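Trainee: sequence first, predicted coordinates after that:
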Amino acid sequence: MKATGSPFSGHSEFATTHWSLVLAAGERSNDARASEALETLCLIYWYPLYAYIRRRGYSPGDAEDLTQEFFARLLARNYLARADPHAGKFRSFLLAGINYLLCDERDKERRLKRGGGQKVIPFDEDSAEARYRLKPADKMTPECVFERSWVATLLERAARHLREEYTAAGKSALYDQLTEFRLDGQGQRAYGEVAAQLGQSESAVKSAILRLRRRHHQLVREEIAQTVADPSDVDGEISYLLRILE
Amino acid sequence: MNARYCLECGSQLPDLEIGSLCSICALRGALAAGVETGPPETSGGAGEPAAGLKFGDYEILEEIARGGMGVVYRARQISLDRVVAIKMLLPGLSSPEYLRRFRIEASAAAGLQHPHIVSIHEVGAWQCRPYLAMDYVEGPSLAQRVADTRDGPHDFRQIARWVASMADAVQHAHDRGILHRDLKPSNVLIDEKDCPRITDFGLAKRLGDESELTLSGHALGSPSFMPPEQAGSRDKVSRRSDVYGLGGTLYFALTGRAPFQGETPAEVMHGVLTLDPTPPRNLDPAIPRDLETICLKCIEKAPARRYASARMVADELGRFLDDRPILARPVRAPEKIWRWCRRKPLVAGLAVVLAVSLALGCWFGWQSRQSSRQLEQEKMRAAIDTALAATWGGDRAAAEKAIKEAQRHGVHNEWIPMLHGQIALNSLQSDEAVRQFEQAVALAPKSVVAKAMLATGYLWSGHFEKYAEILGELGELSPETPEDYLFLGVALVGGHPDTAKAVSLIGYAAKKRPSGITFLALAMAEGFHAAAFGSWPIAQKAIEHCNWAEEVLGANHPGVLTVRLNAYNFAMRLCPDGERAGLRRKAAEAAAVLVSTSSPIGRMQRAFYFEITGNDTAEVQEWGKAVQQGGGGLYATYYAAAMLNRNMSGEALEALNRQGLASDGLVAISRAFLLLDKKLPEESRELYPRAAASERLRVLAETILLLAGDDLRVAADSVQLIGTISPQHPDYKALRFYAGRISAEELAAGVGASRVQACSTYNLIAMSFLAKGDRETARQYFRRSVGTGTHWATQYQWSRAFLARLEQDPHWPPWIP
């Protein structure tokens, strides 16, 4: 067995996922693993939520407040009763939850009471807004903005994870050489150059790329798995995400 | 650092420091990875059927093939004691909905009984896994068979018989309302009697989509045999999609390759959607002409232009086999007309070529009879072509006459201002050109040609924001006619970083409608493309297409002369050492002939020629004359840089003042640099607002402030600007550099394959080092910038001039410590 963390290590399909842990713990707020899992999920996926709220027409300041408010309540497990432990995806849960919050007539009043020992997800408001502004202002619905940001967030995480694995294995240079290409005069990838840099044959380079791609696929899968309640939902979720993009 | 491309489909990735796959490929791969691993809920299941296993009426004999979606077994059907094939889906793959539809479709296909279709006997399920029992065919697939016999002599009659049988089978299925949807050589088996048998009727797409995905675990199936309507265009899949599949299979059987090829599915898709297939006889002249004609008619892009039914394909092939004339008329490939022209060199011009093609009765498509209306249209087109050839050649009188002629033939109203605009553009009256083109757009707001010309006008007159805006609008119109493609491509030349796009657009126009001006435009676009990516083969193509243009337009056509020298100038920089002397000789001849014409464009090419061959004196003279002749801001910039290079900034300033080009952003930058050289940083700085007013020049304009010592303001401006643009914006990295977010090394490392981009990036870095007083590093980066050989880029010329000044005077510029 190779050490885990190596880019070439095998993988197992995740028996428990972040989201399944959270759902299993339900409203009990004293389950440390579940709390940690929930916090991890919130840390990863705050941006799609922020983008959604902004797209619903809230100002940057309100969007910040609402995002924080939502996570604060979520971490205090206020909404978890609403989540159906059998059919839940974190993605749909998040959207349903935020809509509930936005509809809540007393939200303003509650926002005033925020703070005081409640947990807050640290995020950089300036960077959130900057990121939001970078997106083209077209005719996307708020849901569409949310879903696209969601996909982008999780794919970026998987991509970073892949690179970290290579780096941890002391192979960051290999990663760079395999993933950055110069195109030659005919617009083809210059495999030969990479092979020369690495002192390997072209076919060795191609199989290294194959390994990298396979690992990348697996990491995307794992990333998605963390957001569904049951591992068997992964394929359905991927298909759903693909439809969003296509 | 180089650019990042998706390792699967080859699309360029957004500007991230990491990443190896695009979103779609990452997700598709993740989906496939699940299948490879086997979803957890099935791992404890009953496992795979092994040899000897009996279920239903079947006994498994052996596994014969395995894909990501299913496994194929050879099995014995016990009751009938016959060998069958069992195709079984892998467990746990798909949703119940998928399986339900699979069963419905399979049951429908199970009704097909035809000697050339692999029949489905039964649709069943074993341990919740659906399976199909079908004929067992012992024999290779057509794909395999063709590959095996590639080197031997081809039996074209046998190929015709095969495809005729297949067409018959397809018609049989169509009569029962079943489409195959994925006809291709690998879906056809050749049985022991040497007859074709089509497999996976109506199911191929359902099986194929996913199996291809998972078979390899990474690559999507090649869309080589997919009709355009399935590859992304909006047409609905119909019977004619299967006609396309028959044609694609025929093409493969005849030539041993798919109609469209490419390294990546994206490339193939591009071909399927936009390119004409190479005529089979170009690949193998032994292929009978009629088979080629039938084949190409099947794979027409527009379904309406294909045979209406599989029956018609079968009948046509039957006529071929009976040695009777087929019904379809060959499409004369543009290349053929072209070869004809080459055999009879003509100087008479385009109208003659058009007359010839009319006589052949084969211009534009299939129609065997030219209606009088079409004839009239051709005359109109010929008149337009003549007018364009005259304008591009700078012959104003001939152009005006041709416009009158076009008017007489009733060209659409918008063409009149468009043609007048072309005259103005080629006389370098770009403001007048813009006025004419705007009028054309007002007359025909949906006309791609008019908008494309307007874009070109804005580009030439230096209105870069408007240029970008119009290009954006053009993105929402779809080009249809060859003229649309031609002028869309022309609008990109010199203004757009995607040089390949310009080449492919114009190349498409040239194929659809070969003419002197399309070849001229093609040669020009290829020249820029070659130079931008340092490709000698592309530079050679540019020269070749110049020769073609010359055969049509004549050797003395000023446009030909100019574009020829343009091609030689690029080629001299890119050729292998052995070729350089010969090219230099030819370039010298071209430059000498060009002196007889007086256009600024011709002078520009001569000036470049003198620069490349090291004749700085002659270079400066040419630029001076071009500016005097009313060349706009671009010429003034080249002139200013060449003068600075020769340490003559005083004279240059005076000349620019005389020309009164003050409002031009490019000229403002030129003047600013010249003033810096005259030790007047404060005056130079005053020109900054004018230069920075143009978004396109913003980054370059900042160098004025930098060199005047105001680096803090540059940083502050940049921080502010970064927040307003996306990371994909061409200025994004440069601004991050100005803002101090990335180092010079990082910026330099991020340069992509484009030499133009490299040139300007190195220039920028050099300027900033110079501003900090690090003259040695500045010199190094100026050298790298000049080393790109992109002489038409203004920043190349500035790098060259600054480098020269630094070499002449080690303490230059004096106010920088």
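Mentor: Everything's here; your move. Numbering: from 1, shown residues only, chains lettered A, B, ... in the order given.

Trainee: show me what contacts the residue nearest to residue B:161 when sequence neighbours are not counted?
Mentor: Using Cβ to Cβ, 6 or more residues apart in numbering or on different chains and skipping the chain neighbours, the partner closest in space to residue B:161 is residue B:321 (6.6 Å). Backbone N, C-alpha and C define where each C-beta goes, glycine included. Contacts of residue B:321 were listed using Cβ atoms under 8 Å, 6 or more residues apart in numbering or on different chains, and they are B:157, B:160-161, B:164.

Trainee: out of these, the closest to chain A would be?
Mentor: Minimum separation from chain A among these (Cβ to the nearest Cβ) is found for residue B:160, which lies at 35.6 Å.

Trainee: got the domain boundaries for chain A?
Mentor: If you go by automatic domain parsing, the domain ranges for chain A are A:15-134, A:141-246.

Trainee: deepest in the core, which of the ones you listed is it.
Mentor: Neighbour counts (mean count of other Cβ atoms under 10 Å in any protein chain shown) averaged over each of the domains of chain A peak at domain A:141-246, with a mean of 18.

Trainee: okay, the one helix or strand residue B:281 maps to in CSV with CA atoms only?
Mentor: Counting by DSSP states H and E, the element that carries residue B:281 is helix B:280-283. Once side chains and other backbone atoms are set aside, the C-alpha atoms of helix B:280-283 remain, and they are given as CSV (Å, rounded to 0.1, in the frame of the first residue of the first chain):
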residue,chain,number,x,y,z
PRO,B,280,-12.3,11.0,-51.0
ARG,B,281,-10.7,11.2,-54.4
ASN,B,282,-8.2,13.7,-53.0
LEU,B,283,-7.1,10.9,-50.7
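
Trainee: in the helix or strand that comes right after that helix, what's buried?
Mentor: Beyond helix B:280-283 in the direction of the C-terminus, DSSP H and E gives the next helix or strand as helix B:289-298. With burial defined by 16 or more other Cβ atoms under 10 Å in any protein chain shown, the residues of helix B:289-298 counted as buried are B:290-298.

Trainee: helix or strand for residue B:473, which one?
Mentor: helix B:464-474.

Trainee: list the helices and strands the helix or strand just after that helix packs on?
Mentor: Next along the chain after helix B:464-474, taking DSSP H and E as the criterion, comes helix B:482-492. Contact analysis of helix B:482-492 by 3 or more Cβ pairs under 8 Å, 6 or more residues apart in numbering or on different chains; DSSP states H and E lists helix B:448-460, helix B:464-474, helix B:499-512, helix B:516-533 as its packing neighbours.

Trainee: among the ones you listed, which is nearest chain A?
Mentor: Distances from chain A to each of the helices and strands packed on helix B:482-492 were compared using Cβ to the nearest Cβ; the minimum, 5.6 Å, belongs to helix B:516-533.

Trainee: touching chain A at all, that closest one?
Mentor: Yes - judged by Cβ under 8 Å from any Cβ of the partner chain, helix B:516-533 and chain A are in contact via B:530, B:533.

Trainee: for that helix, the distance to its chain's centre please.
Mentor: Helix B:516-533 has its average C-alpha position 13 Å from the chain's average C-alpha position, going by Cα atoms, centre = their mean, to the nearest Å.

Trainee: kindly report the same for stretch B:674-681.
Mentor: Here the centre of mass of C-alpha atoms in stretch B:674-681, compared against the chain's by Cα atoms, centre = their mean, lies 44 Å away.

Trainee: show me what the mean pLDDT comes to for that stretch.
Mentor: Averaging pLDDT along stretch B:674-681 gives 88.

Trainee: now do the end-to-end distance for it.
Mentor: For stretch B:674-681, the separation between the terminal residues is 10 Å (Cα to Cα, to the nearest Å).

Trainee: stretch B:785-798 now?
Mentor: Stretch B:785-798 stretches 9 Å from its first residue to its last (Cα to Cα).

Trainee: which residues touch the nearest residue to residue B:186 once chain neighbours are set aside?
Mentor: In space, residue B:186 comes closest to residue B:143 once its chain neighbours are excluded; the distance is 4.4 Å by Cβ to Cβ, 6+ apart. Residues near residue B:143 by Cβ under 8 Å, 6+ apart: B:184-186, B:188, B:252.
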